[in-house]
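1. let's see this in three dimensions:
(one chain, ligands or ions: 1)
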Amino acid sequence: MTSTETDEQFLQRLCEVMQRIALQGDLRAVGPLMDMTGQRPEHTLLARLAESFAHMVVKIEAREFELECRIADLGQTRQELELANLDPLTSLPNRMIARDRLRQSITEARARQGAMSVLFLDLDRFKQVNDTLGHAAGDELLCRVTQRLQGCLREGDTLARLGGDEFLCVLPTCGEPEAAQALAGRMIGALTQRFPLAAGVADIGTSIGLAHFPRDGQSVDELIASADAGLYEAKRSGRNCWRYAPPAAGNPA
Ligand SMILES: Nc1nc2c(ncn2[C@@H]2O[C@H](COP(=O)(O)OP(=O)(O)OP(=O)(O)O)[C@@H](O)[C@H]2O)c(=O)[nH]1
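-> Just a heads-up that it's a prediction; the model follows:
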């Protein structure tokens, strides 16, 4: 600075240096600030203040970058966990992911004071396919069933294979019982159509238990138990239909 520099000019110069530091995010740009000290006492004070501020900004930026990296790492870990929890036969999420999605869906529904639905499916006469056409045909059938069920779902719904011939459907945005019932009907229709397999034709069906949050349960376990009781009721009613848990099990439906 020259002795004729006005306060306004000094501040203008200070701002330019600060902008350079902010743009570069690098404390090496603080150099020119140091050169600005040693002039009029208030200018020196201002320059020191700006220098401290610059250190703070750069530290915050470094911390932000570190946090962004950690968030990206966590996202990758979650993805890897999900991949490790896919059913190897159908590539569907397994029980653990199904429970996780159901938990998320309950939390979201609770936050918006809305509702969501769960369908619990168990194929009818699946064992017969294994027994007559062989285990490989049973495996092929499970994959074909998966495709047909996925064709009935909307984006955001989760279809999971719990094991054997059991599937769970989490429907986060399906709050109306009538909509879930219609979907259950479409799934039954889709699986009632014969399956041409490599080893022969398979003729199966599916029984489905329904449950809705918050009406039939408040937690993951309560909703699954209610849908499971509905499934038992569907099997008891002759199969290839959907049902709710009977009122005796603490359910009004
Ligand atoms: N092919 C094949 N079969 C499996 C697999 N996992 C379980 N199973 C068989 O699936 C069958 C499921 O049994 P159930 O549900 O009692 O058979 P189901 O004929 O559908 O009986 P209902 O539900 O009463 O109609 C058993 O025979 C299991 O051995 C699998 O990954 N592949």
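2. just checking, what packs against whichever strand or helix holds Leu149?
-> Using DSSP states H and E, Leu149 maps to helix 135-152. Secondary-structure packing of helix 135-152 (3 or more CB pairs under 8 Å, 6 or more residues apart in numbering; DSSP states H and E): helix 126-133, strand 158-163, strand 166-171, helix 177-192, strand 195-197, strand 200-202. Where you see a C-beta, it was placed from the backbone N, CA and C, and this is true even at glycine.
3. pick the most deeply packed of these.
-> strand 166-171 (a mean of 24; mean count of other CB atoms under 10 Å).
4. what strands flank it, and is each parallel or antiparallel?
-> strand 116-124 (antiparallel), strand 158-163 (antiparallel) (DSSP bridges).
5. ok, the shortest one near the ligand or not?
-> Read that as strand 158-163. No: against the ligand, strand 158-163 shows no contacts by CB under 6 Å from any ligand atom, the least distance being 6.7 Å.
6. which parts of the protein sit against the ligand?
-> Neighbours of the ligand within the chain, by CB under 6 Å from any ligand atom: 89, 122-128, 130, 135, 138-139, 142, 164-165.
7. for the residue nearest the centre of the chain, what are phi and psi?
-> Closest to where the C-alpha atoms of the chain average out (CA atoms, centre = their mean) is Arg101, at 6.1 Å. The phi and psi values for Arg101, taken as degrees, to the nearest 10, are phi -60, psi -40.
8. quick one: contacts for the residue of the stretch 101-250 of the chain found nearest the ligand?
-> Closest to the ligand within the stretch 101-250 of the chain is Gly138: 2.5 Å, counting by CB to the nearest ligand atom. Each residue near Gly138 by CB atoms under 8 Å, 6 or more residues apart in numbering is listed here: 126, 129-130.
9. for Phe195, see how far away it is.
-> 11 Å (CB to CB, to the nearest Å).
10. do the same with His212
-> Separation of His212 from Phe195 (CB to CB): 30 Å.
11. again, but for Ala234
-> Distance from Ala234 to Phe195, by CB to CB: 20 Å.
12. how much space separates Arg40 from the ligand?
-> Distance, Arg40 to the ligand, by CB to the nearest ligand atom, to the nearest Å: 83 Å.
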